[in-house]
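Predicted model, plus sequence, below.
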Amino acid sequence: MEDFSNKVVIVTGATGNLGSVLARRFQEAGACLVLVDRGDDLLFEVFADLVGSDEHYLANCADLTEAKAVQELVKSTMERFGRIDVLVHTVGGYQAGSALHETSLDTWDFMINLNARSVFITCRAVIPHMLKQGSGKIICIAARPGLQGTAKAGAYAASKSAVIRLIESMAAELKDKGINANCIIPGTIDTPQNREASPQADYSRWVQPESLAEVIMFLASDAARDINGAAIPVYGGS
């Protein structure tokens with residue numbers, strides 16, 4: 001296992017299926033965690049053992065589509081730890097089912113804001129601090145429709161394509177600054193929600209959150225220092 005002792009790692013969407021597994025893996029590897037989620041006190045329930053810890057920071061009620069909230073999150077992180085070594089942005093969502101000409105503006109705005117705007121705002125807030133320290137790792141979650149659009153998922157595909165293009169742009173801008181920016185492209189993730197939505201599927205072909213966490217931790221480690229601007233497929237058998 002990689003050693004993240006004395007590294008400050010931000011995980012957004014920390015109570016999600018992937019975020020929660022990832023947070024625990026980084027904790028086991030010695031990282032100081034900044035765990036971010038949006039309200040309902042679920043963060044405090046899932047990570048009850050970390051409440052009040054000096055080594056970790058639970059940032060509840062942080063809306064990552066709002067610049068002010070993200071600025072406050074980053075400010076609090078810097079005041080507490082003085083640095084940010086890794087940002088893993090797992091926040092995102094899926095809404096589809098309508099042809100483009102039948103897709104509402106609300107659906108378009110929801111997908112772009114949740115999947116693309118949140119990446120833009122969060123990375124924009126974190127990068128200046130990584131530049132000052134001369135190092136950093138940024139990992140985001142894209143999706144296969146971001147590589148090629150599919151029927152009845154235009155807004156989702158566009159939002160995930162934006163994630164990949166943002167990563168590529170950041171990588172080009174930061175490649176000489178000691179900062180790596182990459183994303184992963186998961187196949188169908190084996191989650192309770194996906195099982196409920198596809199009860200007849202062969203779950204053995206789906207990707208486990210633990211497998212995704214291993215790839216992300218590699219990208220966050222020094223071993224991945226020469227990987228920059230990549231969109232790495234982690235499809236499993238899906």
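Perfect, I can see it now. Residues are numbered from 1 along each chain as shown.

Would you state the helices of the protein in chain order?
17-28, 42-46, 67-81, 105-111, 118-133, 154-174, 192-197, 209-220 (DSSP state H).

TSV please, covering these and showing mean pLDDT, distance to Y57 and mean neighbour count.
Just so you know, the C-beta spots here come from the backbone N, C-alpha and C atoms, and that holds for glycine as well. Listed next are the helices of the chain as TSV, based on pLDDT from 0 to 100; distance: least, Cβ to Cβ, whole Å; neighbours: other Cβ atoms under 10 Å:
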stretch	mean pLDDT	distance to Y57	mean neighbour count
helix 17-28	97	12	22
helix 42-46	94	11	17
helix 67-81	97	6	16
helix 105-111	98	28	15
helix 118-133	98	14	19
helix 154-174	98	24	20
helix 192-197	92	27	11
helix 209-220	97	18	20
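
what's the closest of the ones you listed to V34?
V34 lies closest to helix 67-81 among the helices of the chain, at 5.1 Å (Cβ to Cβ).

Can you spell out which helices and strands pack onto the closest one?
Packed against helix 67-81 by the contact rule (3 or more Cβ pairs under 8 Å, 6 or more residues apart in numbering; DSSP states H and E) you find strand 8-12, strand 32-36, strand 57-59, helix 118-133.

chain center to the longest one: distance?
It stands for helix 118-133. On the basis of Cα atoms, centre = their mean, to the nearest Å, helix 118-133 sits 13 Å off its chain's mean C-alpha point.

Which elements pack onto it?
Where contact means 3+ Cβ pairs under 8 Å, 6+ apart, helix 118-133 is packed against strand 8-12, helix 67-81, strand 86-89, strand 136-141, helix 154-174, strand 179-186.

The same query, at a cut-off of 7 Å, please.
Under the contact criterion of 3 or more Cβ pairs under 7 Å, 6 or more residues apart in numbering; DSSP states H and E, helix 118-133 touches helix 67-81, strand 86-89, strand 136-141, helix 154-174.
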